[in-house]
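> just need the structure, nothing else, for what follows:
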Amino acid sequence: MPHFLRQLSPTGLGVAVMLFGMLLFALNDAMGKFLVSTYSLGQVIAVRSIAAVIILLPIVWKAGLPKLVNVERPGLQAARVFFSTAELFCFYFAVAALPLADVMTYWLAAPIYVAALSPFLLGEKVGWRRWTAIGIGFVGVLIALKPSSASLTSAAFFSILGSAAFAFMMLSGRQLRNTPDTVLAFWQIIGAGLAGVVAILVAPSGWIPIQSGFDLSLLALLGIVAMTAHVLVNRALKLADAATVAPLQYTLLLWAVIFGWLIFGDVPQLSIVIGAGLIVLSGLYIFFRENAVKRKQAKTAVQPIEDLV
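Residues are numbered from 1 along each chain as shown. The predicted model follows:
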């Protein structure tokens, strides 16, 4: 570990690790956008999944096969795999046609969908403040989309569909808290890999011969970089509390703008900038409000015990 990182407090190190994880996620997205312009969607996802499994398999194997097979709520596990696979296919389909910043804006709206659906699917209570923030977030999505017959393309539609699938994946994950992250990741990768193979077999584009060793390296790196980013995010959440590091996920949008401009020459439109601003502000408020409510509930639950003492 570099000397300057050793001098950081656990919280400071958690922030640094989270920021680096977000950079890797954005780099992974940029590589994916580059590759789906040349290779088929199923091919990119299948090779990405194979590389990720090779990295993850020793970790899962060390944890033991029973933990991998005997999972809680198998039906919900399968639903989570379905939503994660759908989200991945939608993302790469959308990013092939739209600028990175546009797609990332739609994806960052997923926590807003989660907050809106949690009262109905999880029985969580959402007050008027968060409902107001949810409404503002949806306005941001509409501004970014600029819904009209000309702008609502198939790529924009799949962006919304993919972010909704991501939201459902997050909701199912909330109900699988006893399942280790490595097990969740393993089945998620397996599901995506199998879907990628099926797509290769049935899609007209099928398998496109890999043009160079550089392209093969990039295809493999998609899985490796994504796995590394997931590990860094999990590590950051252990080093610092979620209230400190979770909001840093919105730096993904900044990196998407930078990579989109440097690599693909994309400049965000004003509607995307305004919509993204509303989505980010809404998401941050929902996050901090949820944490404040949880702290208040925890304090209330402890109070009677203190009174008895």
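
> show the backbone phi and psi for residue 71.
phi -100, psi 160 (degrees, to the nearest 10).

> right, and it touches residue 77 too?
Yes. Contact criterion Cβ atoms under 8 Å: residue 71 and residue 77 qualify, at 5.3 Å. Using the backbone N, CA and C atoms, a C-beta is placed for each residue, glycine as well.

> and residue 261, how many neighbours?
Counted by other Cβ atoms under 10 Å, the residues lying close to residue 261 total 15.

> show me which positions of whatever helix or strand residue 293 lives in end up buried.
Counting by DSSP states H and E, the element that carries residue 293 is helix 270-308. Residues 271-272, 275-276, 278-280, 282-287, 289-290, 293 are the ones in helix 270-308 that count as buried (16 or more other Cβ atoms under 10 Å).

> and it, average pLDDT?
Helix 270-308 shows a mean pLDDT of 75.

> what packs against that helix?
Counting contacts by 3 or more Cβ pairs under 8 Å, 6 or more residues apart in numbering; DSSP states H and E, helix 270-308 packs against helix 100-107, helix 110-121, helix 128-145, helix 242-245.

> worst mean pLDDT among these?
helix 242-245 (a mean of 70).

> what's the closest non-adjacent residue to residue 107?
residue 163 (5.0 Å; Cβ to Cβ, 6 or more residues apart in numbering).

> quick one: low-confidence parts of the stretch 51-200 of the chain?
For the stretch 51-200 of the chain, applying pLDDT under 70 flags the ranges 147-152.

> try 80
Applying pLDDT under 80 to the stretch 51-200 of the chain flags the ranges 60, 62-71, 121-124, 145-153, 173-182.

> distance from the helix or strand where residue 49 lies to the middle of the chain?
Per DSSP H and E, residue 49 falls inside helix 41-63. On the basis of Cα atoms, centre = their mean, to the nearest Å, helix 41-63 sits 17 Å off its chain's mean C-alpha point.

> helices and strands around it, which ones?
Here helix 41-63 touches helix 10-36, helix 74-97, helix 181-202, helix 213-239, going by 3+ Cβ pairs under 8 Å, 6+ apart.

> dump these to a markdown table, plus distance to residue 122.
Formatted as a markdown table, the entries for the helices and strands packed on helix 41-63 read as follows, by distance: least, Cβ to Cβ, whole Å:
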| stretch | distance to residue 122 |
| --- | --- |
| helix 10-36 | 26 |
| helix 74-97 | 12 |
| helix 181-202 | 18 |
| helix 213-239 | 21 |
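
> what comes up buried for stretch 67-74?
Buried-residue list, stretch 67-74, by 16+ other Cβ under 10 Å: residue 71.

> contacting residues around that stretch?
60, 77, 175-176, 178-180, 183, 186-187 (Cβ atoms under 8 Å, 6 or more residues apart in numbering).

> what's the most distant pair in the residues you listed?
Using Cβ to Cβ, the contacts of stretch 67-74 span at most 21.5 Å, a distance reached by 60 and 175.

> the two: who's more crowded?
Taking other Cβ under 10 Å, residue 60 and residue 175 do not tie; residue 60 has more neighbours (18 against 15).

> show me the contacts for the more buried one.
Residue 60 touches 68, 182-183, 186, counting by Cβ under 8 Å, 6+ apart.

> only whichever of these are buried, select them in ChimeraX.
Remark: buried members of these, expressed as a ChimeraX selection using 16+ other Cβ under 10 Å:
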select :182,183,186
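
> out of the contacts of residue 60, which is nearest to residue 157?
residue 186 (30.7 Å).

> how much space separates that closest one from residue 222?
Distance of residue 186 to residue 222, computed by Cβ to Cβ, to the nearest Å: 17 Å.

> isn't residue 168 right up against residue 83?
Yes. Under the criterion of Cβ under 8 Å, residue 168 makes contact with residue 83 at 4.5 Å.

> common neighbours of the two, please.
By Cβ under 8 Å, 6+ apart, no residue touches both residue 168 and residue 83.

> just to check, residue 153 is in contact with residue 97?
Yes. Here residue 153 lies in contact with residue 97, judged by Cβ under 8 Å, at a distance of 7.1 Å.

> which of these two has more neighbours?
residue 97 (17 against 13).
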